[in-house]
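> kindly return the folded structure for what I paste below:
(chains A, B, C and D)
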Protein chains: 2
Amino acid sequence: MKKKRPTLQDVAERVGVTKMTVSRFIRKPDQVSDSLRDKIQHALDDLGYIPNRAPDILSKSKSHAVGVLLPSLTNQVFAEVIRGIETVLEPEGYQTMLAHFGYSQELEEQRIATLLSYNVDALIISESQHTLKAQKMLENAGIPVIEIMDSTSTSPLNIIGINNSAAAREMTQTMINHGHRNIVYFAARMDERTLQKIAGYKQAMTANGLTAAVKETQSASSFTLGAKFLEEVLSEYPNIDGIFCTNDDLAIGALYACQKKGLRVPEDIGIAGFHGHDIARAMVPLLATVVTPREEMGRLAAQQLLKNIHGEARHASVIELAYEIECGESIRKIQIKKN
Amino acid sequence: MKKKRPTLQDVAERVGVTKMTVSRFIRKPDQVSDSLRDKIQHALDDLGYIPNRAPDILSKSKSHAVGVLLPSLTNQVFAEVIRGIETVLEPEGYQTMLAHFGYSQELEEQRIATLLSYNVDALIISESQHTLKAQKMLENAGIPVIEIMDSTSTSPLNIIGINNSAAAREMTQTMINHGHRNIVYFAARMDERTLQKIAGYKQAMTANGLTAAVKETQSASSFTLGAKFLEEVLSEYPNIDGIFCTNDDLAIGALYACQKKGLRVPEDIGIAGFHGHDIARAMVPLLATVVTPREEMGRLAAQQLLKNIHGEARHASVIELAYEIECGESIRKIQIKKN
DNA sequence: CAAAGTGTTGTTAGCGGTAACATTACCACA
DNA sequence: TGTGGTAATGTTACCGCTAACAACACTTTG
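As a prediction, the model looks like this:
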């Protein structure tokens, strides 16, 4: 017995005009005579009319919604990206349609189709290995698409991201400069970005005549995983004197585990993280980390999309954002002069 | 010159049938003759047909999307709630439409209308003070609505949440039991839940003949804010020997600040947080905190909505989830026997 | 005073699917 | 051989809104 939502027709009948007049009142009130305005407004309020976007989406294929497709929501990083996106879209009256695909290519393909089926006006998608069909859908979608996270992606889409391998290389070099030699990389969730970082780490190690070693798992990172890795690595690599983690969670977990075992950071083991979450700047010792512009990435992506939606030229572009090596206390084993 | 997305009509023309046949092929392939199946499938692939939900949404007023309306995305807590929601909705083929309103009642009202204008099939909304109009919209929406976060809400909607004031009262009592007396409450972002917690804290303090004191700010909480509060509070309340924070961020920030100042935790100052993020279980000392079922709250809300959508009776109900007092090292000043 | 505005409201058609009903072709059986 | 059944496909109408055009009642103007 639930009553349906009132339509323009319902409002119009109550006032004694056609729905067209009511429609005009809502969108261009000055085209409606004074005598009707009050009556219509009254009927609108009275019935609790809420516009229905479906017809408009159907006839114009514009939804005023933007699809955001990410591998996972478990990750703090993506939460911040989303925030950046929403910060920009919301004041512009755009709705965010969120989806994730749990790092599965097939699911990603499905999600893309789903988002498109809602007629999203644009798509923000995390860099990843797309299926052929997914790639084709994105190219033929006829809407702006931006791939975020990795500036070195070879995708033909618009790209906004950072150079993960360069960042990892630089941080590894920084650790080496500070006297760390036997640095082990802690990796989790072996996605494209993690692989990039590992590559950068290995480059730096090799360039310095050092041996690279990676501890890895497919599962997601967490504080407790960092602690677990630390336990294991101590027996696997007894000479270890440095740990570079694929993100801050692992690093902080490892750091706490060191504290519990009485290992001094950075004297016995240097520890560095990745992403530069707020906590890295508050903790003791301050965590060395690569500060990445996560929220900014979301903001820029959203801004770019809005421009494209509003008809600005859509030549595929690559925007590489800067990261920052934050040389926190956790790796400052020896003082060095600026190189 | 961008080509429009192909429609069923386009596919049908290529095959030489009507769109109805193609529509049938997609939904009930066994009603289409063998001879056509291959041809249609081919045309579908060839044109890269992607279904369009708009017509269906229009004619059935069902979108297979669920609106999620939260005050903010800055908050880690909400990120986890969202994850819980998505965990349930995504496998069921429901899309999440995310919106936030920055703690503004007017914006909240607008967002509700927007989500409804997309014909969402259900709505999950964070407990908050709604405007009258918002309240009315929610009640008349004709779709399941669940309010989450606070089980003591007086709203007439379905509710899933925890009892924030009871939780705060209990944690305060636990700190008192462990020998803390001059406990100051650190509050941020003075929303309904924070006010509830403060009330619970005050009850416990008063019940024990102690004086309540609250440090507060309208801005969002963060690690650095916790550190800042700690600095200030030391001069404002020289006798302070305990801090109860409205969330873990503040608590951890304060704890680090103590470590930097050489204050011992819990001997000099006991510190407790709220929510029980993963890090609380990894850090040194282990943080006392109220563990709340954030992700579960999202999951349950989503499950309940799905049931309602599928026609199950929709009598307004209140589900109060359990929290857990985690008596971490950070408040264990004196050993006590179990009360 | 007719022609040409002007301001206001109405009418029609269409967006892309699908439910419901109609049609057609073919076959089986009395 | 005609009747009825069935499987495959087609036709029509509708969901709610708005662009485009039409209609009407007044004014204004030459």
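> in terms of pLDDT, where does residue A:337 sit?
With respect to pLDDT, residue A:337 scores 52.
> next one: residue A:213
Note for residue A:213: predicted pLDDT of 98.
> tell me the secondary structure at the nearest residue to it once chain neighbours are set aside.
Among residues not flanking residue A:213 along the chain, residue A:184 sits closest, at 4.7 Å (Cβ to Cβ, 6 or more residues apart in numbering or on different chains). From N, CA and C alone the C-beta is placed, and that goes for glycine too. Three-state assignment for residue A:184 (DSSP: H, G, I helix; E, B strand; the rest coil): strand.
> ok, residue A:184 to residue A:170 distance?
Shown here: residue A:184 relative to residue A:170, a distance of 18 Å by Cβ to Cβ, to the nearest Å.
> can I see the domain layout of chain A?
Following automatic domain parsing, one gets these domains for chain A: A:59-163+A:294-322, A:164-292+A:325-331.
> figure out which of those domains is closest to residue B:129.
Nearest to residue B:129 among the domains of chain A is domain A:59-163+A:294-322 (20.2 Å), distances taken as Cβ to Cβ.
> quick check, that closest one touching DNA strand C?
Yes: Domain A:59-163+A:294-322 lies within reach of DNA strand C by Cβ under 7 Å from any atom of the strand, at A:59, A:61.
> neighbour-wise, which of residue A:184 and residue A:170 wins?
residue A:184 (25 against 17; other Cβ atoms under 10 Å in any protein chain shown).
> the more buried one contacts residue A:211, correct?
No: judged on Cβ atoms under 8 Å, residue A:184 makes no contact with residue A:211 at a distance of 9.8 Å.
> before we move on, what SS does whatever residue of chain A ends up closest to DNA strand D have?
With Cβ to the nearest atom of the strand as the measure, residue A:55 is the residue of chain A nearest to DNA strand D, at 2.8 Å. Per three-state DSSP, the secondary structure class of residue A:55 is helix.
> poorly predicted segments of the stretch 201-339 of chain A, please.
A:312-314, A:336-339 (pLDDT under 70).
> strands of that one, start to end?
A:213-215, A:242-245, A:270-275, A:288-291, A:318-320, A:324-326 (DSSP state E, counting those that start in this stretch).
> and residue A:234, how far from residue A:258?
9 Å.
> got it, and residue A:239?
Applying Cβ to Cβ, the value for residue A:239 to residue A:258 is 16 Å.
> neighbour count winner among the two?
Neighbour totals were compared for residue A:239 and residue A:258, and residue A:258 leads with 23 against 8 (other Cβ under 10 Å).
> residues touching that one, list them.
Residues in contact with residue A:258 (Cβ atoms under 8 Å, 6 or more residues apart in numbering or on different chains) are A:230, A:264-265, A:268-269, A:271.
> what do you get if the cut-off is 10 Å, keeping everything else the same?
Residue A:258 makes contacts with A:226-227, A:230, A:234, A:243, A:264-266, A:268-269, A:271, A:330, B:284, as judged by Cβ atoms under 10 Å, 6 or more residues apart in numbering or on different chains.
> are any of the residues you listed buried, and which?
In those, burial by neighbour count holds for A:226-227, A:230, A:243, A:265-266, A:269, A:271, A:330, B:284, counting by 16 or more other Cβ atoms under 10 Å in any protein chain shown.
> quick check: neighbours shared by residue A:184 and residue A:211?
Here residue A:184 and residue A:211 have A:237, A:239 as joint contacts, going by Cβ under 10 Å, 6+ apart.
> ok, back up a step: now distance to residue B:39 too, for the buried ones among the contacts of residue A:258, in TSV please.
As requested, the buried ones among the contacts of residue A:258 are exported to TSV (distance: Cβ to Cβ, whole Å):
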residue	distance to residue B:39
A:226	56
A:227	60
A:230	61
A:243	60
A:265	67
A:266	68
A:269	66
A:271	62
A:330	65
B:284	68
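> let me know the closest of those to DNA strand C.
Nearest member of the buried ones among the contacts of residue A:258 to DNA strand C, counting by Cβ to the nearest atom of the strand, is residue A:226, at 48.5 Å.
> which residue, other than its chain neighbours, is closest to that closest one?
Leaving aside its chain neighbours, residue A:226 sits nearest to residue A:253 (2.4 Å; criterion: Cβ to Cβ, 6+ apart).
> the one you found: how many residues sit nearby?
29.
> who's in contact with it?
If you count contacts by Cβ under 10 Å, 6+ apart, residue A:253 has them with A:186, A:221-230, A:245, A:271, A:273, B:278-279, B:281-283.
> how about stretch A:58-67: buried residues?
A:58, A:63-67.
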